[in-house]
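1. Just the structure for this:
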Amino acid sequence: MADPDPLEASVVGGVSPPRDPPRAPEPPPPAAKPLAPAAAGRDHAVSVSPYAGLASRTLAFGIDAGIINGVTFLTGVIVGAGLSVLNVPEGIQSALFALGGLLAIVWTMGYFVFFWSASGETPGNRLLDIKVQVAGENRPPSPRRAFFRALLLPLSAIPLCAGFLLILVDRRRRALHDCLAGTVVVYTD
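-> Numbers count the residues shown, from 1 in each chain. Next up is the predicted model:
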């Protein structure tokens, strides 16, 4: 004898439960549409926002910090090797080390001011296709504005990097130093 149908076995009092009508197969989901078309000459999609985000800016700054620190380190090694060969009194060595620290700060400021005011792009920015420009204008900041922006940069880092977190909530993705200096960081065309 054949096994009874489970639906027929559940008949109570001669009434069987209603059966669902057969369903038509569901159509496949539509293909995802890209957020924006690919830019000419690029092999990646353009961001919906023209303003650079936290990740791009952080990576660019890391590249620039590597360049700045590398040059500073090599200079320090060369000067240190030269001083070790010479018989320089301890007091003069201490003064030279203090001067070296001051020169490292001047080098760092000069690096950012030069690149930001010349083209808006440091080498790190260029690698990540971003640039600094005056807010509301399509031009790099003046040397004075670039110096002011570089001087204000530590303000974004001092309160546990809270000034950089503004990038996540500001409509134009500006950090504290960008707001104060009147600059924005945008993706290049």
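2. Could you pull out the buried residues of stretch 53-68?
-> 56, 57, 60, 61, 63, 64, 68 (16 or more other C-beta atoms under 10 Å). Backbone N, C-alpha and C define where each C-beta goes, glycine included.
3. Work out for me the element the fifth one sits within.
-> Following DSSP states H and E, the helix or strand that holds residue 63 is helix 54-85.
4. now residue 133, nearest residue through space, not along the chain?
-> residue 120 (5.2 Å; C-beta to C-beta, 6 or more residues apart in numbering).
5. give the contact list for that neighbour.
-> Applying C-beta atoms under 8 Å, 6 or more residues apart in numbering to residue 120 gives the contacts 131, 132, 133, 139, 140, 141.
6. nearest residue to residue 125 other than its sequence neighbours?
-> Using C-beta to C-beta, 6+ apart and skipping the chain neighbours, the partner closest in space to residue 125 is residue 60 (4.8 Å).
7. returning to that earlier point: reformat the buried residues of stretch 53-68 as CSV; add pLDDT.
-> Converted to CSV, those look like this (pLDDT from 0 to 100):
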residue, pLDDT
56, 96
57, 96
60, 97
61, 97
63, 98
64, 98
68, 98
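8. what's the closest of those to residue 127?
-> residue 63 (6.0 Å; C-beta to C-beta).
9. Local confidence estimate at the closest residue to that closest one other than its chain neighbours?
-> Spatial nearest neighbour of residue 63, chain neighbours left out: residue 124 (3.3 Å); criterion: C-beta to C-beta, 6+ apart. For residue 124, the model assigns a pLDDT of 97.
10. so how far is residue 84 from residue 124?
-> Counting by C-beta to C-beta, to the nearest Å, the separation of residue 124 from residue 84 is 33 Å.
11. Understood, closing this out.
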